[in-house]
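1. A structural model of the following input is requested.
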Amino acid sequence: MTYPPSGTALREPEPDVPSAPVTVPAQRRGVPSAAAERLRAAATTEPGRLQIIGAVLALLVVVFGAVTVTEVSGRASSADDVVTRSQPLSADAASIYRSLADADTMAASGFLAGAQEPPGVLKKYDADVKEASRLLVKAAASADASTSSHQEITTLGELLPEYTGLIERARANNRQGLPLGGAYLRYANQKMTNEILPAAERLYAAETGRLSTDSSDARSWPFLSLAVGMVALAALVWMQRRNYRRTNRVFNHGLLAATAAATVVLLWLAVGHTVARAELRSAMVNGQQSLDVLNKARINSLKARANENLTLVARGAVLTPDGTRDKYETDYSAGMKALGTQLASAQKLAGDDSTGREPVKAAVTSVSEWQERHKKARATDDQGDYDSALLQIIDPKNSTGESFERVDDALETALAHEQGQFDAAAEDGRGALGGLPAGAAVLAVLGAAGAIVGVNRRLSEYR
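-> Numbers count the residues shown, from 1 in each chain. Below is the predicted model of the structure:
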């Protein structure tokens, strides 16, 4: 056992004392943590709370304005597209379709007239071809290369010269009295019916679909803007109530101005969008739907007229696939049936609008007359009197051609009326959203400034 050296005093061991906590200098703590501490410290005093509330109110108003500008700008752009791009392109596609169908009708009518085509018929055919070509060039300039519309335009641009070439061959042979002219005409009609018109119909469907999409986008509710606006307005009202309960002062001019600005934007947004939505919907329901039905009715009338003419040109040489009926007469009957259905729909869509209903009613009457005259012409042809049947088809008076012209004129009048209805409603819808994005931005800035001024007015009382 070992003992300590003599003369050494013995000491009791010192008890363990816990070490003092180490204080971390402020500069070593994270910036977010320091900011949070300062925010908590500020929130314990009324001036600090006012500063936080003022910043939040200003931010809410600015966010409300920014969200409103973003959402409404998109809807205003879609509404502008409806008026300036998609509907005009849809109308041009319908005109292309109609011009091509009318060109085919005029070609058959001119062929039936004999070696010397009536100048008016030839002029109308040339005008139809030129109009279709012009509108195809215009549509190509507006269509993206990746879209189906561009593909259909390319197809039409390639097929139309082939068709006109066949018609010229038919005319040349017809002038010489050669039966080969009828074969060229039938082949041209097959190309028009089986290739060109389906491509034009697909183009019309694509452009009408884009119109429907643009209209739907313009009419969609700006739910986010409305929600943020109500939150901002509620916060401003709460702050004014808080201010009143603490100071017994009814009004704070800055906060009142901010509340007024937020209220104006919110009401403008709700009312403006409601009006725009109603007008754009009216444009689609009362305008575009009628236009769609009337365009299809007019095209069916043109196709029926072409088939009626070709019935005499072919003289029973072209039969249906089952070999039992005349193909052109069968197609004529199907077209007239579809025409009757479409005219009935157009009358329903016209509703109480007498200006739009009257031309449709006139078209219905003329269609009935056309069908009666057609039956008589077919009966005459079936009896072997081809020349009399021909006159009942193409003569300027008391013929199916006269009835067809009445139908076409009535449908043209109805289309012009419905186009005007669409343009007026769509323009009103676009106008309801016109100044809203810029107005919301200005009022949001003024509202945020008003909130800051109002809170600063309270803060000045503590200095």
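2. okay, CA-based contacts and neighbour counts for the rest of this
-> Fine.
3. quick one: the helices in the stretch 301-450 of the chain, in order.
-> Listed in chain order, the helices of the stretch 301-450 of the chain (DSSP state H, counting those that start in this stretch) span 327-350, 354-382, 386-394, 400-433, 436-459.
4. pretty sure Leu226 contacts Leu266?
-> Yes: taking Cα atoms under 8 Å as the definition, Leu226 is a contact partner of Leu266 at 6.8 Å.
5. of these two, which one has the most company?
-> Neighbours were tallied for Leu226 and for Leu266 using other Cα atoms under 10 Å; the higher tally belongs to Leu266 (24 against 19).
6. not counting its neighbours along the chain, what's nearest that one?
-> Leaving out its chain neighbours, the residue that sits closest to Leu266 by Cα to Cα, 6 or more residues apart in numbering is Gly229, at 6.0 Å.
7. distance of that neighbour relative to Val265?
-> Counting by Cα to Cα, to the nearest Å, the separation of Gly229 from Val265 is 8 Å.
8. same check, this time on Glu418
-> As for Glu418, its distance to Val265 is 34 Å (criterion: Cα to Cα).
9. which residue is the nearest non-sequential neighbour of Gly65?
-> Of all residues not flanking Gly65 in the chain, Ala444 sits nearest, at 4.9 Å (Cα to Cα, 6+ apart).
10. next secondary structure element downstream of the helix or strand containing Val61?
-> If you go by DSSP states H and E, Val61 is part of helix 46-81. Sequence order places helix 87-112 as the next helix or strand after helix 46-81, per DSSP H and E.
11. related to what we said a few turns ago, I'd say the residue nearest to Gly65 and Val61 touch.
-> Yes: using Cα under 8 Å, Ala444 makes contact with Val61 at a distance of 5.8 Å.
12. shared neighbours of the two, which are they?
-> Common contact partners of Ala444 and Val61 (Cα atoms under 8 Å, 6 or more residues apart in numbering): Ala262.
13. point out where the chain drops to low pLDDT.
-> In the predicted model of the chain, residues 1-32, 34-44, 248-250, 462-463 satisfy pLDDT under 70.
14. how about 50 then?
-> 1-4, 6-13, 16-24, 26 (pLDDT under 50).
15. what residue lies at the spatial centre of it?
-> Residue closest to the average C-alpha location in the chain (Cα atoms, centre = their mean): Leu211, at 2.5 Å.
16. quick one: that residue and Ser90 touch, right?
-> Yes: counting by Cα under 8 Å, Ser90 is a contact partner of Leu211 at 7.2 Å.
17. what's around Phe223, how many residues?
-> Residue neighbour count, defined by other Cα under 10 Å, stands at 12 for Phe223.
18. same question, Lys123
-> Neighbours around Lys123, by other Cα under 10 Å: 12.
19. show me the contacts for it.
-> With Cα under 8 Å, 6+ apart as the criterion, no residue contacts Lys123.
20. contact partners for Gln116?
-> By Cα under 8 Å, 6+ apart, Gln116 lies in contact with Arg175.
21. three-state assignment of it?
-> coil (DSSP: H, G, I helix; E, B strand; the rest coil).
22. next, it: phi, psi?
-> Note on Gln116: backbone dihedrals following degrees, to the nearest 10 are phi -100, psi 100.
23. how near is it to Lys191?
-> Gln116 sits 24 Å away from Lys191, going by Cα to Cα.
24. before we move on, what about Ala414?
-> From Ala414 to Lys191 the distance is 30 Å (Cα to Cα).
25. name the residue in those two with the higher neighbour count.
-> Using other Cα under 10 Å, the more surrounded residue of Ala414 and Lys191 is Ala414, with 27 against 17.
26. follow-up on the earlier one: the helix holding Val61 packs against which elements?
-> The contact analysis (3 or more Cα pairs under 8 Å, 6 or more residues apart in numbering; DSSP states H and E) places helix 46-81 against helix 31-43, helix 197-219, helix 223-247, helix 253-282, helix 400-433, helix 436-459.
27. a markdown table for these, including distance to Val293?
-> Formatted as a markdown table, the helices and strands packed on helix 46-81 follow (distance: least, Cα to Cα, whole Å):
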| stretch | distance to Val293 |
| --- | --- |
| helix 31-43 | 65 |
| helix 197-219 | 12 |
| helix 223-247 | 34 |
| helix 253-282 | 16 |
| helix 400-433 | 10 |
| helix 436-459 | 35 |
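28. related to what we said a few turns ago, quick one, which of Glu418 and Val265 is more surrounded?
-> Taking neighbours as other Cα under 10 Å, Glu418 and Val265 compare with Val265 leading, 28 against 23.
29. surely that one touches Ala440?
-> Yes: taking Cα under 8 Å as the definition, Val265 is a contact partner of Ala440 at 5.7 Å.
30. quick check: closest non-adjacent residue to the residue nearest to the centre of the chain.
-> Nearest one to Leu211, counting by Cα to Cα, 6+ apart, is Ser86 at 4.8 Å.
31. could you do Arg98 as well?
-> Excluding the flanking residues, the one nearest Arg98 by Cα to Cα, 6+ apart is Ile299, at 5.6 Å.
32. ok, now Gly287?
-> Among residues not flanking Gly287 along the chain, Phe422 sits closest, at 4.4 Å (Cα to Cα, 6+ apart).
33. what's near enough to touch the one you found?
-> Residues near Phe422 by Cα under 8 Å, 6+ apart: 282-284, 286-288.
34. repeat the analysis, applying 7 Å as the threshold.
-> By Cα atoms under 7 Å, 6 or more residues apart in numbering, the residues touching Phe422 are 283, 287-288.
35. same check, this time on Ser78
-> Shown in contact with Ser78 (Cα under 7 Å, 6+ apart): 214-215, 217-218.
36. rewinding a little: Ala304 is nearest to which of the helices and strands packed on helix 46-81?
-> helix 400-433 (9.4 Å; Cα to Cα).
37. in the closest one, what's buried?
-> 400-415, 417-419, 421-433 (16 or more other Cα atoms under 10 Å).
38. next, count neighbours for Phe251.
-> Phe251, neighbours per other Cα under 10 Å, totals 13.
39. for it, give its distance to Ala113.
-> Taking Cα to Cα, one finds Phe251 at 88 Å from Ala113.
40. chain center to the helix or strand hosting Asn300: distance?
-> Assigned by DSSP H and E, Asn300 falls within helix 289-314. Between the centre of helix 289-314 and the centre of its host chain there is 27 Å, according to Cα atoms, centre = their mean, to the nearest Å.
41. that helix vs helix 327-350, what angle?
-> Following axes from the mean of the first three to the mean of the last three Cα atoms, to 10 degrees, one obtains 160 degrees for the angle between helix 289-314 and helix 327-350.
42. list the contacts for Val228?
-> Val228 touches Phe64, counting by Cα under 7 Å, 6+ apart.
43. any idea how far it is from Arg241?
-> Using Cα to Cα, one gets 20 Å for the distance from Val228 to Arg241.
44. go on, Val367?
-> 72 Å.
45. and the two? Which one has more around it.
-> Applying other Cα under 10 Å to Val367 and Arg241 shows that Val367 carries more neighbours, namely 23 against 16.
46. my guess is the more buried one meets Asp409, correct?
-> No: look at Val367 against Asp409 with Cα atoms under 7 Å: they stay out of range, at 12.0 Å.
47. so who does Thr259 touch?
-> Applying Cα under 7 Å, 6+ apart, we find Thr259 in contact with 233, 236.
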